[in-house]
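> sequence and predicted structure below; questions after.
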Amino acid sequence: MKLALSKIKELIEASKDHQCDPYDCCVQLVGIADLPSQFGEFQICAFVSPCDGKEHTAIVKGDIVEKENVLTRIHSECLTGDVMGSKRCDCRDQLLESLKLIQKEGEGVLLYLRQEGRNIGLTEKIRAYALQDQGYDTVEANLLLGWEPDERDYGVAAHILRSLHIKSIRLLTNNPDKLWQLSNHGVVIKERVPLIIPTTEYNRTYLETKARKSGHLLGDKADMRDVKEVLAHSHKS
């Protein structure tokens with residue numbers, strides 16, 4: 001069962017009057033349409049952020065409004081990986097695997113956030129790639145360009161989940177910072193679902209840097225830690 005037209009109208013109308021904290025970057029739901037895909041039948045929700053003009057989307061399977069334990073993936077835009085199939089990262093593999101898992105579940109949502117290059121932008125990401133070609137890892141490259149290792153803000157994702165009236169989620173992620181930020185923004189996370197992608201000769205250094213320097217839970221017993229353990233560890237760090 002997908003979102004009915006009457007419910008779509010209600011969600012869009014409610015979003016028009018949505019008020020956010022003035023210090024937050026809010027989002028507004030402006031449209032929902034059917035999205036048949038190679039993975040199954042979905043609906044795509046269009047959101048805009050009035051504060052910065054960015055457009056974000058939510059790919060929805062089933063009627064997830066007012067639901068608990070919704071299987072959720074929060075995916076940041078990656079033109080080189082998602083579109084061009086770059087082997088330097090695992091972004092496209094994670095995107096496609098998430099859609100497959102949501103389709104198999106029969107219900108879920110994938111948020112596609114316009115946060116290219118961990119939110120430093122496409123041009124800066126390519127400059128970071130050039131530094132990586134010289135032997136620097138992803139964290140070192142960002143720092144040399146004057147950026148933090150990860151500039152992403154998941155407050156927008158929390159607002160999108162609230163706009164869709166999702167009560168709690170099971171989050172597809174290996175990233176403890178994503179859990180931490182979402183929890184701080186009031187998202188109820190009932191379970192962390194690991195999303196492990198096979199290592200290749202091209203992405204090995206990238207994945208190892210994620211694990212070693214950014215704390216991503218890859219390839220060891222830490223993968224099985226539950227949400228409370230991950231949040232507690234992140235807080236101590």
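Perfect, I can see it now.

> from now on I want contacts and neighbour counts done on CA atoms only, so please keep to that.
Noted.

> ok, the nearest residue to Val188 once chain neighbours are set aside - contacts?
With sequence-adjacent residues excluded and distances taken as CA to CA, 6 or more residues apart in numbering, Val188 is closest to Ser168, at 4.7 Å. Ser168 makes contacts with Lys67, Glu68, Asn69, Val70, Val187, Val188, Ile189, Lys190, as judged by CA atoms under 8 Å, 6 or more residues apart in numbering.

> helices along this structure, start to end?
Counting by DSSP state H, residue ranges of the helices within the chain are 5-16, 91-105, 116-119, 122-133, 138-144, 155-163, 176-184, 204-214, 227-236.

> what is the shortest one packed up against?
When you say that, I think you mean helix 116-119. Using 3 or more CA pairs under 8 Å, 6 or more residues apart in numbering; DSSP states H and E as the contact criterion, the neighbours of helix 116-119 among helices and strands are helix 122-133.

> what residue of the chain is the furthest out?
Gln134 (29.0 Å; CA atoms, centre = their mean).

> state the pLDDT value of that residue.
In this prediction, Gln134 carries a pLDDT score of 95.

> with Ser214 instead?
Reported pLDDT at Ser214 in the predicted model: 62.

> one step back: dump the contacts of Ser168 to a markdown table, plus pLDDT and neighbour count.
As requested, those are arranged in a markdown table below (pLDDT from 0 to 100; neighbours: other CA atoms under 10 Å):
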| residue | pLDDT | neighbour count |
| --- | --- | --- |
| Lys67 | 96 | 15 |
| Glu68 | 96 | 16 |
| Asn69 | 96 | 17 |
| Val70 | 97 | 23 |
| Val187 | 95 | 21 |
| Val188 | 95 | 19 |
| Ile189 | 95 | 21 |
| Lys190 | 93 | 17 |
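
> grab the most central residue of the protein for me.
Of the residues in the chain (compared using CA atoms, centre = their mean), Ile74 is nearest the centre, at 2.0 Å.

> not counting sequence-adjacent ones, nearest residue to it?
Nearest-residue entry for Ile74: Leu111, 4.8 Å, with adjacent residues in sequence omitted and distances by CA to CA, 6+ apart.

> how many neighbours does that neighbour have?
As a burial measure, Leu111 scores 22 neighbours (other CA atoms under 10 Å).

> ok, the one 4 residues further on next?
When neighbours are defined as other CA under 10 Å, Gln115 has 20 of them.
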